[in-house]
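Asks: need coordinates for the below:
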Amino acid sequence: MPITFKNFLKLHKVSLTLAVLSFVFYYTFAYHLDRSDFIKLLSLFVALFFFCFKLIQFEKLNFRFLLSIGVIFRLIFLFTEPNLSQDFYRFIWDGHLVSSGANPYLHTPNQLIENIASIIPNANILYEGMGSLSARHYSNYPPLNQLIFALAALLGGKSIFGSLFTMRAIIILADVGIFYFGRKLLKNLNRSPHLIFWYFLNPLVIVELTGNLHFEGVMLFFFILALFLLSLDKWKTAGIVLACSISIKLVPLLFLPLFFKYLGWKKSIVFYTIIGITSIMLFLPFNTPEFIANYSKTLKLWFSNFEFNSSIYNVAKKTAIYFDAKPWEFIKEYGKITPMLTIATVGLFTFLPKKYDLNRVLWSIMWVLTIYYFISTTVHPWYPIFLVLLSIFTTYRYAIIWSAAIVLSYFAYSQADFKENLWLLSIEYISVYGYLFYEIVSHNNKK
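Replies: Numbering: from 1, shown residues only. Below is the predicted model:
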């Protein structure tokens, strides 16, 4: 055994022990966890967050070690089906439609199931797996995401596992890309590059993206690459890349006005034109007279029909019910207000700040997204992952607290009717709001 390796083992035995324990816990999470077992799920998450914190604390300057174990933790999930989400069934369903030349935005699975078996392998398994909620609605996944689904379907063929393997490989590569360009962007903004590990080793990121196949990671790869290009003043190329991010998930659309003061009006016109043209080109293959109507109908559901793990909305709903409001009517009225509040928030952060460098842009994006999630009716566990990445470019860390506390929302997964426990949600949001308030006061005291 080489002396250098002996020394490494001696100097890093605690970190290696933590890494091995993390490996065991991630393996247990991937292969020996039923989502109905909330106590086991919570215990694994709490332990993994503790290990993550200590690993970064002990090894924050050992980039190769932390990068290596971050990749290894993700590879653990390669040979298993997601155990906290059934969305992947719809991904594969849409992927087979697109790869066969069909438009996934024109018909719901309920409308197609009777005569689609010749086009979609394992059609009945996918249909049953996605659940009735997904089956009765049109697809809401943007075009570049659909193309990834199609690639997974083509490479996977008739094998569901083959499609899962392809999607996981893409998500893992995207996370490695976020690590690479995120670290470079941190350096360009004069921030410590080790901060990227608060994203890369975060258990929520690993479990929800690689484990449960949510494509926020791919969206964030294009998003962080666009910001890195902006830091190099390559804003035209950044416009193309940012359009790709929007074409994975629509969330970055919220932030487009925030670049206006940073670029100035002349560059902004070209920048927004590039984004618009690129987006149109990506949507064009799917465009039909029915497409806009169907897609808009599906998007409206997120504001006026669905509710999960909300904070302000839950308080408002309970108050309204106390005064005899009907819950199903209240959510529709609330859903009309949410877009207006979001637009007002974006306008506020676009025009109020006087100084507008790239640090300020990232700070504004973080606050806009935070407020948007606070007022939303639906905040799935993987949503704050975007905030986790944004927070490392600021001095705020409440998003990391949220990434741990949001584990409490998984309690609903253990219930047959997905009923939420409002006491657990209260603990989650008291933790988040409390730490956020502490940080705001601390920042103000330092001024």
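
Asks: show residues contacting whichever strand or helix holds residue 48.
Replies: Assessed by DSSP states H and E, residue 48 sits inside helix 38-59. The contact list for helix 38-59 (CB atoms under 8 Å, 6 or more residues apart in numbering) reads 12, 14-15, 18-19, 21-22, 25-26, 28-29, 33, 35, 65-66, 69, 194, 197-198, 201-204, 207, 404, 407-408, 410-411, 413-414. C-beta here means a position set from N, CA and C on the backbone, and glycine is covered the same way.

Asks: try it again at 7 Å.
Replies: Contact with helix 38-59 is made by 14-15, 18-19, 21-22, 25, 28-29, 33, 35, 65-66, 197-198, 201-203, 404, 407, 410-411, 414, as judged by CB atoms under 7 Å, 6 or more residues apart in numbering.

Asks: average pLDDT for that helix?
Replies: The predicted model assigns helix 38-59 a mean pLDDT of 97.

Asks: contacts only, for residue 179.
Replies: Neighbours of residue 179 in contact, by CB under 7 Å, 6+ apart: 67, 196, 200.

Asks: could you measure from it over to residue 234?
Replies: As judged by CB to CB, to the nearest Å, residue 179 and residue 234 stand 20 Å apart.

Asks: hang on, the earlier thing: can you redo the contacts of residue 179 as TSV with distance to residue 50?
Replies: What follows is the contacts of residue 179, written out as TSV (distance: CB to CB, whole Å):
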residue	distance to residue 50
67	20
196	20
200	17
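
Asks: tell me the mean pLDDT for the host helix or strand of residue 21?
Replies: In the assignment (DSSP H and E), residue 21 maps to helix 13-31. Average pLDDT, helix 13-31: 96.

Asks: buried sites along it?
Replies: Neighbour counts over helix 13-31 (16 or more other CB atoms under 10 Å) mark 15, 16, 18, 19, 22, 25, 26, 29, 30 as buried.

Asks: got these as TSV, with distance to residue 73 columns?
Replies: Formatted as TSV, the buried residues of helix 13-31 follow (distance: CB to CB, whole Å):
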residue	distance to residue 73
15	14
16	14
18	12
19	9
22	6
25	9
26	5
29	10
30	10
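
Asks: which member of those is positioned nearest residue 357?
Replies: residue 15 (36.3 Å; CB to CB).

Asks: now for the closest one: which residues touch it?
Replies: Counting by CB under 7 Å, 6+ apart, residue 15 makes contact with 55, 58, 59.

Asks: got a markdown table for the contacts of residue 179, with pLDDT, distance to residue 225 and neighbour count too?
Replies: Formatted as a markdown table, the contacts of residue 179 follow (pLDDT from 0 to 100; distance: CB to CB, whole Å; neighbours: other CB atoms under 10 Å):
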| residue | pLDDT | distance to residue 225 | neighbour count |
| --- | --- | --- | --- |
| 67 | 97 | 18 | 18 |
| 196 | 98 | 14 | 27 |
| 200 | 98 | 16 | 26 |
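
Asks: which one of these is nearest to residue 367?
Replies: For the contacts of residue 179, the closest approach to residue 367 (CB to CB) belongs to residue 196, at 20.9 Å.

Asks: report the separation between the closest one and residue 66.
Replies: Plainly put, residue 196 is 9 Å away from residue 66 if you go by CB to CB.

Asks: what is the burial count for the spatially closest residue to residue 240 that is not a sequence neighbour?
Replies: Spatial nearest neighbour of residue 240, chain neighbours left out: residue 278 (5.1 Å); criterion: CB to CB, 6 or more residues apart in numbering. Counted by other CB atoms under 10 Å, the residues lying close to residue 278 total 18.

Asks: which of the helices or strands spans residue 278?
Replies: Going by DSSP H and E, residue 278 is in helix 265-283.

Asks: please save the CA atoms from that helix in CSV.
Replies: Only the C-alpha atoms of helix 265-283 are listed here, as CSV (Å, rounded to 0.1, in the frame of the first residue of the first chain):
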residue,chain,number,x,y,z
TRP,A,265,-32.2,48.4,-23.4
LYS,A,266,-30.1,47.9,-26.7
LYS,A,267,-28.7,44.6,-25.7
SER,A,268,-31.9,43.5,-24.1
ILE,A,269,-33.9,43.9,-27.3
VAL,A,270,-31.5,41.5,-29.1
PHE,A,271,-31.3,39.2,-26.1
TYR,A,272,-35.0,38.8,-25.8
THR,A,273,-35.4,38.4,-29.5
ILE,A,274,-32.8,35.6,-29.5
ILE,A,275,-34.7,33.9,-26.7
GLY,A,276,-38.0,34.3,-28.5
ILE,A,277,-36.8,33.0,-31.8
THR,A,278,-35.1,30.0,-30.2
SER,A,279,-38.2,29.2,-28.2
ILE,A,280,-40.4,29.4,-31.2
MET,A,281,-38.1,27.1,-33.1
LEU,A,282,-38.2,24.6,-30.3
PHE,A,283,-42.0,24.8,-30.0
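
Asks: what comes up buried for the longest helix seen in the chain?
Replies: The single longest helix within the chain, with elements called by DSSP state H, is helix 160-188. Buried positions in helix 160-188, judged by neighbour count with 16+ other CB under 10 Å: 160, 162-172, 174-186.

Asks: helices and strands around the helix or strand just after that helix, which ones?
Replies: Per DSSP H and E, the first helix or strand lying C-terminal to helix 160-188 is helix 197-200. Applying 3 or more CB pairs under 7 Å, 6 or more residues apart in numbering; DSSP states H and E, one finds that helix 197-200 contacts helix 160-188, helix 385-391.

Asks: closest to residue 400 out of the ones you listed?
Replies: Residue 400 lies closest, by CB to CB, to one member of those: helix 385-391, at 6.1 Å.

Asks: what sits up against that closest one?
Replies: Applying CB under 7 Å, 6+ apart, the set of residues contacting helix 385-391 from outside is 198-199, 202, 204-205, 208-209, 216, 220, 224, 251, 362, 365-366, 369-370, 397, 399-400, 402-403.

Asks: how distant is stretch 195-203 from the center of its chain?
Replies: Distance, stretch centre to chain centre, for stretch 195-203: 14 Å (CA atoms, centre = their mean, to the nearest Å).
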